Structures are given as structure tokens and as C-alpha cells.
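Q: I'd like to go over a predicted model; first the sequence, then the structure.
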Amino acid sequence: MRPIFRWVSHIGHNMFESLTEKLNGVFGKLRSRGRLSEDDIKGALREVKLALLEADVHFKVVKDFIEVVRERCVGAEVLERLGAAETVVKIVDEELTKLLAGDGSQPSTLQLEGRTPAVFMLVGLQGSGKTTTAAKIAAMLRKKGAHRPLLVACDVYRPAAIQQLQTLGKSLSIPVFSLGDQVNPVDIAVASLEEAKARGNDLVILDTAGRLHIDEVLVQEIQRIEQAVQPNEVLLVVDAMTGQDAVTVAKHFHEAMHITGLVMTKLDGDARGGAAISMRAVTGVPIKLAGIGEKLDQIEAFHPERMAGRILGMGDVLSLIEKVESEMDHEKALAMEKKLREARFDFEDYLDQLQQVKKLGPIENILKMLPGMSAQMKDVQVDEKQLVRIEAIIQSMTKKERRNPDLLNGSRKRRIAMGSGSSVEEVNRLLKQFEQMRQMIKGFAGMEKQLKGKGKRGRKLPNMPFGR
């Protein structure tokens, strides 16, 4: 069985990865110097400027950002001080957070209060991902806030747009309202509010039409819908992969109508990431949501301070904790902790933990949320197929064998290998790894009992590879 993690020479970079790598290089040089001179600061900021420009951040945004950081570095009297590099990193982090957060004049969270049903109106160019984003938002708010959303098909122009929304709604068990493609979108939007009241839906999400480019016809239709339904949110959906074009689109839409928030899609792609940084500064409109994958649960609230941490390679532990809490079964976690404390852990538990970890999404993305891991993971490829193979081996065991692995003799191993499409060697390797883990758990549990026996405060068991 191959290892789950493999070192490789090249991997496709995700959003911000190249920028993170370059900034880490700049800060690494600063840390190696100890005390900093004015020339050190100038040189570092010059490299930061180049890294931001190469990441496709708008040149004016970069210019203003670097000037503010330079003034703060001088004002903080970091020159010739020990540990000055960390002060510089802290200043860059704070200013990047401010850049992504804006002046706070507009709410950065989705506004659902004030009326029932609340109305979200999604706008944007064709191909930006509006329809899928509408379904993602509906699923997210139903799960997090126990809302009852109604999806509304207002795109009567794009072939199969209505069918696409209906398919997405069916897969999520979320109702979709449509009057077909021969009815005026404004009338559809108005009628959907009455439909929502009749059905008891407290949230209406309008999927409006897009165009290949902004034109007067598109703008006028969106304005008429907005005037007719007075939405809580007008969310502009923008494809982050389009770089500076995304910034131009956002600026034009904002000038034409009252945009309340931005939704960045494809933040998991290999674009350079500068659009996300520039868009907030150029439009003044807060980024409220970020699409981080193609699956319908891969959307999250945009947190400026956490995004700044990711960009600077500091990780995003808070998002990781929230993800674990939302996906992991709390009762199972408590039961698992009890088992670990009593040094009882079998393949049934191992399989359950594997399946819960898979809910969190790609392991590579999860690991990068840990501080310092982004740089370490740049040449590592996570072979998630190995998790599938491990799962297949365990599922090929009988329940009795999972609970008592000591029963696994030669003939049983051959049967398991055949049933899981693996080899006896792979089965043996997994058994060896499992036994090592079990011995480690026993050691920790014994240590905890000794500490309690001596009247010392009990130490918590460390997190196990697939534990809580």
C-alpha cells in the first residue's frame, strides 16, 4: 500500500498558493537577518509589491497598500530591533486584513432580517456560476440557520437554465419555482414571493439571467426586478479565475445598480488570486461568500482576517474548527473519546473515523489550514485513493474481525485481500499500522491513569490521526 502523502516535483497551484510562497520567501529572508535596517525594509517591501502585482492585484491597490505598510513599519520603530521581522509580518497581516475587510461601512454578513420572506437576488455575467451558487447558498443557509429556502428560476434566456436549477434543487430536496421561459422575469420574481408565503418559505433566492458582457438590456432587466421585489441582498457572482476582468465587471455592475455583496467563485482554482484582493478595494463592496469547490456544500462565509492568514501562510484554524464541528457527529466524537481513554479502539472505530474525515473535503486543503503547513505542502500530493483502499480493506472484514483483529489468520487475510481488490501485503501493512496506533493509544491512556493516580491534573489525550 502506497503512502497517502507523496513528494512530487510539481503540483497545480491553488488560488493564492504562488503568492503565499513568494511572501513566505520574503519574510523568511527578514527573519534570518535578526535586526533590520531601512534598506532591509525597503527591499522586502519591493519584493512584496512585485509578488502582489504578479498575483494580479490592481496596481493602484498595490501602491496604496505598500505605502501604508512602509509608513507603519517606520512608525513602529522596527529598525535595529530584535524580532523586528515578526513586527513587519504582523503589520502586513493587519493591513491585508483591512484591505480585504474595507472600512466596515457595509455589513459583511448576509442580511436576512427585516422581512419574511427575505429575498436574495443573484446577478452576474453568464458563466460566472450564478445558478450553482444559488443552490449552494440555499443548502448552506438551510443547514446553518434552519431556513426554508425557495429557489426561483428567473433566467428565461439561457438554454436549460431552468432545468439546471430544477435538477440542483431536486438533488438538495429544495423546492424550485418556475413559470417557464415565456414569462417576463419580473413577473416570475413577484409571483415567487406569493408562492414562498403560501409554502411557508422564509427565504427566496432569485437566479437571474446573465450575458456574455454587461449591456443596457441586462442592466435594465435587473433594475426592474430589484425595484419590484426590494431584495435584502443583491449579490454579484464573480468568477475569480477571470483575474482583472473580474474587477472590471464588479466595478461596472456596482456603478449600474446597488450591489450589497460579492460572491467569489472558483477560489479553489489556479488563478493568481489578485482579483479577490482588488475587488474589495476597487468597489468598496464586501466579499460575503467564497466558492471553494464544485460540490454543492463547498461554499463558505468570507472572513477577511482568515483569508489574510491563509495568504500569508499562517493557516486558518478557526475555519478548520468550524468545518470539523459542522461535519463531525458530536455524539460519536464523545463516544470515541471515551473509548480512547479506556484504550479500546478497533477497526469499526477506525472505519467510522475515516468516513467522518472524508466529509471534511480534500485532505490537502484541510492540512493547509494549519499554521505553517501551506509552505510545507507545496511539494506534497495527497493520494486520497489510499483512503479509499483502506476503507475497502476494512469493509471486506466481518464485523467480528473488525472488533477483534487478532482473528485475522492467513486464510482470512487472503479473503479480505480478494474482496477489497488489494494484496495480502497491503492487508498486513494496514494491520501493522493499526497495531502501532493501538499500542500508542494504550501508552497515552496508561500515562493519563498514572498522572491521575499521583493526584496530578489529568492530561488530555492528544488528537489521534482520525480522532476528534
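A: Sure, I can see it.

Q: what about residue 123, neighbour count?
A: The tally of other residues near residue 123 (other Cβ atoms under 10 Å) stands at 25. Heads up, the C-betas are built off the backbone N, CA and C, glycines and all.

Q: where does pLDDT dip in the stretch 301-450 of the chain?
A: In the predicted model of the stretch 301-450 of the chain, residues 310, 313-344, 357-384, 441-450 satisfy pLDDT under 70.

Q: show me where it has strands.
A: 380-382 (DSSP state E, counting those that start in this stretch).

Q: and the helices in it, which stretches?
A: 304-311, 317-327, 330-341, 347-358, 363-367, 373-376, 385-395, 399-403, 410-420, 424-453 (DSSP state H, counting those that start in this stretch).

Q: again with the stretch 151-300 of the chain
A: 161-172, 185-199, 216-229, 244-256, 274-283.

Q: just say which of those helices is most tucked in.
A: Mean neighbours per residue, mean count of other Cβ atoms under 10 Å, is largest over the helices of the stretch 151-300 of the chain for helix 274-283, with a mean of 25.

Q: centre of the chain to it, how far?
A: Mean C-alpha position of helix 274-283 versus that of the full chain (Cα atoms, centre = their mean, to the nearest Å) differs by 19 Å.

Q: packing partners of that helix?
A: Here helix 274-283 touches helix 59-75, helix 84-101, helix 244-256, strand 261-265, strand 287-291, going by 3 or more Cβ pairs under 8 Å, 6 or more residues apart in numbering; DSSP states H and E.

Q: can we see that at 6 Å?
A: Here helix 274-283 touches helix 244-256, going by 3 or more Cβ pairs under 6 Å, 6 or more residues apart in numbering; DSSP states H and E.

Q: got the contact list for the helix it packs on?
A: Residues from elsewhere that reach helix 244-256, judged by Cβ atoms under 6 Å, 6 or more residues apart in numbering: 56, 214, 219, 236, 238, 259, 275, 278-279, 282-283, 285.

Q: need those in CSV with pLDDT, can you?
A: Below are these laid out as CSV (pLDDT from 0 to 100):
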residue, pLDDT
56, 79
214, 77
219, 86
236, 93
238, 88
259, 90
275, 75
278, 83
279, 82
282, 82
283, 84
285, 87
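
Q: phi, psi of residue 292?
A: With angles defined as degrees, to the nearest 10, residue 292 sits at phi -120, psi 20.

Q: how about stretch 396-411: buried residues?
A: Across stretch 396-411, burial judged by 16 or more other Cβ atoms under 10 Å covers 396-397, 401-402, 405, 408.

Q: and those residues, which two are furthest apart?
A: Spatial extent of these (Cβ to Cβ) is set by the pair 396 and 405 at 13.1 Å.

Q: burial measure for the nearest residue to residue 243 once chain neighbours are set aside, as a count.
A: For residue 243, ignoring the flanking residues on the chain, the nearest one in space by Cβ to Cβ, 6 or more residues apart in numbering is residue 56 at 4.7 Å. Residue 56 has 22 neighbouring residues, counting by other Cβ under 10 Å.

Q: how about residue 213?
A: Count around residue 213 with other Cβ under 10 Å applied: 10.

Q: what strand or helix carries residue 116?
A: Following DSSP states H and E, there is no helix or strand that holds residue 116.

Q: and the gap between the nearest residue to it once chain neighbours are set aside and residue 120?
A: Leaving aside its chain neighbours, residue 116 sits nearest to residue 202 (5.5 Å; criterion: Cβ to Cβ, 6+ apart). Separation of residue 202 from residue 120 (Cβ to Cβ, to the nearest Å): 12 Å.

Q: which one's more surrounded, these two?
A: residue 120 (26 against 18).

Q: tell me the SS of the more buried one?
A: Here residue 120 takes the strand state, with states given by DSSP: H, G, I helix; E, B strand; the rest coil.

Q: so it is in contact with residue 203, correct?
A: No - if you go by Cβ atoms under 6 Å, residue 120 and residue 203 don't touch, sitting 7.0 Å apart.

Q: taking the centroid of this structure, which residue is nearest it?
A: By Cα atoms, centre = their mean, the chain has its centre lying nearest to residue 292, at 4.9 Å.

Q: gap between residue 232 and residue 109?
A: 11 Å.

Q: those two: which is more packed in?
A: Using other Cβ under 10 Å as the criterion, residue 232 and residue 109 rank with residue 232 on top: 20 against 11.

Q: where does that one land on pLDDT?
A: If you check residue 232, the pLDDT there is 94.

Q: identify the bridge partners of residue 118.
A: residue 203 (DSSP bridges).

Q: right, and residue 174 touches residue 137 too?
A: No - at 10.4 Å, residue 174 does not count as touching residue 137 under the criterion of Cβ under 6 Å.

Q: quick one, which of these two is more surrounded?
A: Ranked by neighbour count (other Cβ under 10 Å), residue 174 and residue 137 place residue 137 first, with 25 against 20.

Q: with adjacent residues omitted, what lies nearest to that one?
A: Leaving aside its sequence neighbours, residue 137 sits nearest to residue 205 (Cβ to Cβ, 6+ apart; 6.0 Å).
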